[in-house]
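A.B. asks: take a look and give me a structure for this.
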Amino acid sequence: MSRRWLAPCLIALALLAGCASNPERAGTYIVKRGDTLYSIAFRHKLDYKDLARWNRIGRDYVIYPGQTLRLSAPGGSARTASSAPKAGASASRRATPPKARSTPSAPRRPAIPSGPPVKWQWPVSNGTATLTSRPNGGNGLMIVGQLGQDVRAAGPGRVVYTGSGLLGYGQLIIVKHNETYLSAYGHLQSVLTAEGDAVTAGQRIATMGNGPQGSPQLYFEIRINGTPGNPLTLLPQR
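C.D. replies: Numbering: from 1, shown residues only. Okay, the predicted model is just below:
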């Protein structure tokens, strides 16, 4: 009897060990199929440039499934982008004595120009817009409209994510406008563009789908260095 049960037990233990071979530690994220650096930064409210720098990812921002990414600066605790003043962060770094090094530290990458200001426009031509607060902080707009209504790019840029891998957004498009601004369009019925596509302001990129309550809604965000801003302060009055 003992030998009869020994083999299944060993198999079960091997399977459990395999499942634990690549755990997701606190402060890290394991890249999944369909992820992009932008979508991971978006999910964790980080600046994608910081995420790339912390993980020594090149300017092509290529990542691969199974890769483990740290979600904070080396030696720091995980936090969202811009959750603390820059001056405070600098003071914290100065308060920690530097470790002795036999070689000079790598030079800091020069700042990337943010480019010309974005001339924003509304992603839908009409509809009632309500300012909302995300559960984990930041603002967005919930715009009530009609099912299948055109959704247009709020400014010129490049599509850096399309998919439904971010919980709470449904079908989602993220557009990078420059090194500072991203815009996001959630609860889409259909996506009419692809990752890597350049888009112009006002270009039709999707159609409106149903929101969490089952009625036609578009969820819209503008991220400023990874932090959700108030779109009403950037969009023109209407």
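
A.B. asks: from now on I want contacts and neighbour counts done on CA atoms only, so please keep to that.
C.D. replies: OK.

A.B. asks: tell me where the chain has strands.
C.D. replies: In the chain, the strands defined using DSSP state E lie at 28-30, 68-70, 128-133, 139-144, 150-152, 157-163, 172-176, 181-186, 188-191, 198-199, 204-210, 216-224, 227-228.

A.B. asks: among those, which is nearest residue 47?
C.D. replies: Proximity to residue 47 (C-alpha to C-alpha) singles out strand 227-228 among those, at 7.4 Å.

A.B. asks: pull up the pairing partners for the closest one, direction included.
C.D. replies: strand 216-224 (antiparallel) (DSSP bridges).

A.B. asks: neighbouring contacts of the partner strand?
C.D. replies: With C-alpha atoms under 8 Å, 6 or more residues apart in numbering as the test, strand 216-224 has contacts from 123, 139-147, 169, 180-188, 208-211, 228-231.

A.B. asks: surely residue 134 and residue 142 touch.
C.D. replies: No - in this structure residue 134 lies outside contact range of residue 142 using C-alpha atoms under 8 Å: 11.1 Å.

A.B. asks: pLDDT at the residue most central in space within the chain, what is it?
C.D. replies: In the chain, the residue lying closest to the centroid (C-alpha atoms, centre = their mean) is residue 42, at 1.4 Å. The model reports residue 42 with a pLDDT of 88.

A.B. asks: how about the contacts made by the nearest residue to it once chain neighbours are set aside?
C.D. replies: The shortest distance from residue 42 to any non-neighbouring residue, by C-alpha to C-alpha, 6 or more residues apart in numbering, is to residue 226 (6.7 Å). By C-alpha under 8 Å, 6+ apart, the residues touching residue 226 are 41-42, 45-48, 81-82, 181-182.
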